[in-house]
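Colleague: Sequence first, predicted coordinates after that:
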Amino acid sequence: MSRFPLHPATRLIVWIALLIAVQSLSGVVLGAALALACLAGRPIVRRGMKLIWRTRWLLASLFVILAWGTAGDPLWSSDHAPTYEGLAQAWMHIGRLLLVLMAVAAFLETMSLPDLLTATHAALAPLRRVGVDPDRGVVRLMLALRYAEDLPRPRDWTVLLDDSAATACEPVEIHAQRLGWRDAIVLTAIAVAGVAGVAMARGT
């Protein structure tokens, strides 16, 4: 039984909505969101730091490209100085990327594999009318996750060519859980916020 009161599909939609909302943050609000992300709990922060460390070269490259590649006023009197506008762009985009990585860490830390499969099955169920098989989609997702988890190191890539490797059969566990009133409230709030956001974007 999940320790969360919301249906896994609702939690998945909330996570996707948060990823979309992060893209609109900037300035002080972005800094406050990053500070709050550090209070998410030790396991989430630890996993998030691992993800950030793995993407350190991407973050460094993004900083250099934006700080030195954006036109504007130089930070100091030199042809090779970064610009104020470039630093502002670098802070905004890197800060958003850091928040996305922390959101991914929270998702991985709190969403078990059965919950993820249950959420995927529920999300694909309405598409059954157009020919999408949610059962097959869940199985493919599980196989992809297992493949990514068991992928050998680069120096051991020849293991992938070994046809003699045994493939274990693993059951797919999906929780039979219905959407409750909490899910209805959360999904309605997300829909209203999404419509309001689109209306505000068109108004500007």
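Modeller: Sure thing, it's come through.
Colleague: When you work out contacts or count neighbours from here on, use the C-alpha atoms and nothing else.
Modeller: Will do.
Colleague: in this protein, which ranges drop under the pLDDT threshold?
Modeller: Within the chain, the stretches with pLDDT under 70 are 1-4, 143, 145-177, 203-204.
Colleague: Which residue lies nearest the spatial centre of it?
Modeller: residue 104 (4.0 Å; CA atoms, centre = their mean).
Colleague: Enumerate every residue touching the residue lying closest to that one once chain neighbours are set aside.
Modeller: Once flanking residues are discounted, residue 104 sits nearest to residue 48: 7.6 Å by CA to CA, 6 or more residues apart in numbering. Going by CA atoms under 8 Å, 6 or more residues apart in numbering, residue 48 touches 101-102, 104-106.
Colleague: how close does the residue lying farthest from the centre of the chain sit to residue 83?
Modeller: Here the centre of the chain is the reference, and by CA atoms, centre = their mean the most remote residue is residue 77, at 40.0 Å. Using CA to CA, to the nearest Å, residue 77 is found at 10 Å from residue 83.
Colleague: ok, back up a step: redo the contacts of residue 48 as JSON lines? Include secondary structure and distance to residue 200.
Modeller: Listed next are these as JSON lines, based on DSSP: H, G, I helix; E, B strand; the rest coil; distance: CA to CA, whole Å:
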{"residue": "101", "secondary structure": "helix", "distance to residue 200": "27"}
{"residue": "102", "secondary structure": "helix", "distance to residue 200": "27"}
{"residue": "104", "secondary structure": "helix", "distance to residue 200": "27"}
{"residue": "105", "secondary structure": "helix", "distance to residue 200": "30"}
{"residue": "106", "secondary structure": "helix", "distance to residue 200": "29"}
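Colleague: Distance to residue 126 added to these, as TSV?
Modeller: Compiled in TSV, the contacts of residue 48 are given as follows (distance: CA to CA, whole Å):
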residue	distance to residue 126
101	29
102	30
104	25
105	28
106	27
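Colleague: Show me the helices in the chain, by range?
Modeller: All helices of the chain, identified by DSSP state H, fall at 8-22, 27-37, 42-54, 56-69, 84-110, 113-124, 134-150, 181-203.
Colleague: And the first one, how far out from the chain middle?
Modeller: Averaging C-alpha coordinates over helix 8-22 and over its chain gives two centres that are 9 Å apart (CA atoms, centre = their mean, to the nearest Å).
Colleague: Same question for the fourth one.
Modeller: The chain centroid and the centroid of helix 56-69 are separated by 21 Å under CA atoms, centre = their mean.
Colleague: quick one, that helix and helix 84-110 angle?
Modeller: Relative orientation of helix 56-69 and helix 84-110, computed by axes from the mean of the first three to the mean of the last three CA atoms, to 10 degrees: 160 degrees.
Colleague: re earlier: what is the nearest of the contacts of residue 48 to residue 87?
Modeller: Nearest to residue 87 among those, counting by CA to CA, is residue 101 at 20.6 Å.
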